[in-house]
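> give me the fold of what follows.
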Amino acid sequence: MSASDSRALLSVRDLRTHFEVGGHAVKAVDGVSFDVHEGKTLGIVGESGCGKTVLSRSIMGLTTASNASTSGSVNYSGTELIGKSKRELRTFWGEEMAMVFQDPMTSLNPVVRIGRQLTEHLRAHKDLSKSDANDLAVQLLTWVRIPEPRERLKNYPHQMSGGMRQRVCIAIALACSPKLLFADEPTTALDVTVQHQILNLLSQQQQERRMGMVLITHDLGVVATRTDDIAVMYAGKIVEKASTSALFSEMRHPYTQSLFWSIPKTSEPKHTRLSAIVGRPPNLAALPPGCSFADRCPYVQPICREVEPKLRTIDSHSFACHLPVGSTEGEAALSANISVGLPQSEGAAARREADLGLLT
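Presented below is the predicted three-dimensional model:
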């Protein structure tokens with residue numbers, strides 16, 4: 001069953017979150033639209049600073065900075081959330097939607113035992129006695145595969161490993177059986193084995209509970225096998241959006257392709273040079289005219305610096321590019337840039353040749 005066939009839990013339309021800094025608007029989220037469906041996982045991918053975290057916090061109503069302004073539409077299961085007060089939004093937090101934050105050390109109170117943090121959260125949302133809340137806390141830690149859960153309730157956060165702390169954060173997020181879960185870089189700073197365990201745990205809980213889930217990451221490799229749909233963000237905007245299978249079979253935006261090329265591949269020969277995206281992301285307070293990726297793009301042409309590309313959709317695959325990857329115009333632009341020695345184009349050509357060599 002495709003995402004379009006399941007019921008939409010969340011519909012985001014033209015969402016914008018800007019911060020006024022020094023008389024300039026920092027456009028952290030700038031006109032983002034997408035749907036999240038019941039029982040499905042949407043991956044949001046992009047480099048650090050592209051607006052992923054601000055996007056999730058804006059949807060949850062957690063953007064509290066005095067210089068922030070949010071507009072657009074966030075419709076959760078038929079209820080518009082934009083414009084609601086914090087008091088009204090609290091009725092949605094926990095039981096309807098929840099978030100697993102990036103750093104468990106800043107999410108957990110360092111001077112309060114794990115058990116108290118869990119039981120206080122449970123009793124804030126459910127009519128439970130202390131004893132019942134404690135029993136449910138043990139059950140939650142068991143669900144997230146923490147050994148000796150009753151003993152672990154007595155621990156402070158610093159007495160647990162990073163992976164254990166993140167499991168506690170997942171337990172807190174799942175405590176009230178939310179219908180929608182945001183997982184914001186949930187495996188940052190964890191070793192590869194623990195990353196795999198945490199991602200498997202999230203996927204298992206998502207499937208068992210039929211939650212909608214938004215998995216936020218900078219790594220295309222993470223979302224390749226764990227999502228139904230992917231949205232790629234750059235400079236506050238979604239530049240490509242498609243089903244996971246469609247995106248990996250035919251990437252249309254050069255930024256998506258560059259992210260994919262930056263994933264280390266075990267099939268490559270030893271000492272193969274890692275592929276990096278040339279240049280730096282733009283200043284969100286002073287975005288250039290045209291396409292924000294133009295200065296780093298292997299396919300760049302004059303039109304890219306003059307006219308901002310609109311997000312267009314072909315066969316349910318959306319992308320914002322004048323010269324999409326794989327198109328006749330795009331390949332001609334890349335060849336022209338290679339011939340004049342444009343650095344990012346030469347790197348793209350080498351990467352493409354390496355990929356073709358691996359496929360043959």
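> where does the stretch 201-350 of the chain dip in pLDDT?
Along the stretch 201-350 of the chain, the model assigns pLDDT under 70 to residues 266-268, 271-272, 346-350.
> go again with 90.
The stretch 201-350 of the chain contains residues with pLDDT under 90 at 201-209, 218-222, 225, 260-279, 338-350.
> now the strands for it?
212-217, 229-234, 237-243, 312-314, 317-319 (DSSP state E, counting those that start in this stretch).
> looking at this, Asp14 is in a helix?
No. Using DSSP: H, G, I helix; E, B strand; the rest coil, the assignment for Asp14 is strand, not a helix.
> can I assume it is in contact with Ser33?
Yes. Using Cβ atoms under 8 Å, Asp14 is in contact with Ser33, at 5.9 Å. Glycine gets a C-beta too; all of them are placed from N, C-alpha and C.
> ok, these two, which is more surrounded?
Taking other Cβ atoms under 10 Å, Asp14 and Ser33 do not tie; Ser33 has more neighbours (16 against 11).
> how about that one, nearest residue that isn't a chain neighbour?
Among residues not flanking Ser33 along the chain, Arg13 sits closest, at 4.9 Å (Cβ to Cβ, 6 or more residues apart in numbering).
> domains of the chain?
With domains defined by automatic domain parsing, the chain comprises 1-96+181-187+208-246, 104-177, 250-359.
> mind listing the helices for this protein?
With helices called from DSSP state H, the chain shows them at 52-60, 86-89, 104-107, 114-125, 130-143, 149-152, 162-174, 192-209, 220-223, 244-249, 254-261, 302-306, 328-339, 343-359.
> just put these in a markdown table and tack on mean neighbour count and distance to Ala286.
Shown next, in a markdown table, are these (neighbours: other Cβ atoms under 10 Å; distance: least, Cβ to Cβ, whole Å):
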| stretch | mean neighbour count | distance to Ala286 |
| --- | --- | --- |
| helix 52-60 | 23 | 18 |
| helix 86-89 | 11 | 32 |
| helix 104-107 | 16 | 30 |
| helix 114-125 | 19 | 41 |
| helix 130-143 | 17 | 46 |
| helix 149-152 | 16 | 49 |
| helix 162-174 | 24 | 36 |
| helix 192-209 | 16 | 35 |
| helix 220-223 | 21 | 28 |
| helix 244-249 | 17 | 30 |
| helix 254-261 | 24 | 19 |
| helix 302-306 | 15 | 15 |
| helix 328-339 | 15 | 25 |
| helix 343-359 | 15 | 21 |
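> Arg296: which of these is closest?
Among those, the nearest to Arg296 by Cβ to Cβ is helix 343-359 (6.0 Å).
> so what's the spatially closest residue to Asp35 that is not a sequence neighbour bridging to?
Nearest residue to Asp35, sequence neighbours excluded (Cβ to Cβ, 6+ apart): Ala8, at 4.7 Å. Residues in a beta bridge with Ala8, per DSSP bridges, are His37.
> still on that earlier bit, closest to Leu201 out of the domains of the chain?
The nearest among the domains of the chain, by Cβ to Cβ, is domain 104-177 at 6.1 Å.
> between the two ends of the closest one, how far is it?
Domain 104-177 has an end-to-end distance of 20 Å (Cα to Cα, to the nearest Å).
> number of nearby residues for Asn283?
13.
> identify the residues contacting it.
Neighbouring residues of Asn283 by Cβ atoms under 8 Å, 6 or more residues apart in numbering: there are none.
> may I have the phi/psi pair for it?
phi -70, psi 120 (degrees, to the nearest 10).
> mind checking how far it is from Ser69?
19 Å (Cβ to Cβ, to the nearest Å).
> the residue nearest to Asp35 against Lys40, yeah?
No. Using Cβ under 8 Å, Ala8 makes no contact with Lys40, being 9.4 Å away.
> between those two, who's got more neighbours?
Lys40 (25 against 18).
> quick check: bridge partners of Thr24?
Slight slip there: residue 24 is His, not Thr. Beta bridges link His24 to Val21, judged by DSSP bridges.
> need the pLDDT of the residue nearest to Asp35.
Looking at Ala8, its pLDDT stands at 87.
> who touches stretch 66-81?
By Cβ under 8 Å, 6+ apart, the list of residues contacting stretch 66-81 reads 9-21, 31-32, 58-59, 61, 63, 82, 89, 92, 96-97, 179-180.
> hang on, the earlier thing: count of residues packed around the residue nearest to Ser33?
Arg13 has 14 nearby residues by other Cβ under 10 Å.
> quickly note the distance from it to Cys291.
Taking Cβ to Cβ, one finds Arg13 at 22 Å from Cys291.
> before we move on, the earlier item: got the contact list for the residue nearest to Ser33?
Contact analysis of Arg13 by Cβ under 8 Å, 6+ apart lists Ser33, Gly72, Ser73, Asn75.
> please name the residues that touch the spatially most central residue of the chain.
In the chain, the centroid-proximal residue (Cα atoms, centre = their mean) is Ile216; its distance is 1.8 Å. Shown in contact with Ile216 (Cβ under 8 Å, 6+ apart): Gly43, Ile44, Lys52, Thr53, Leu55, Ser56, Phe182, Ala183, Asp184, Glu185.
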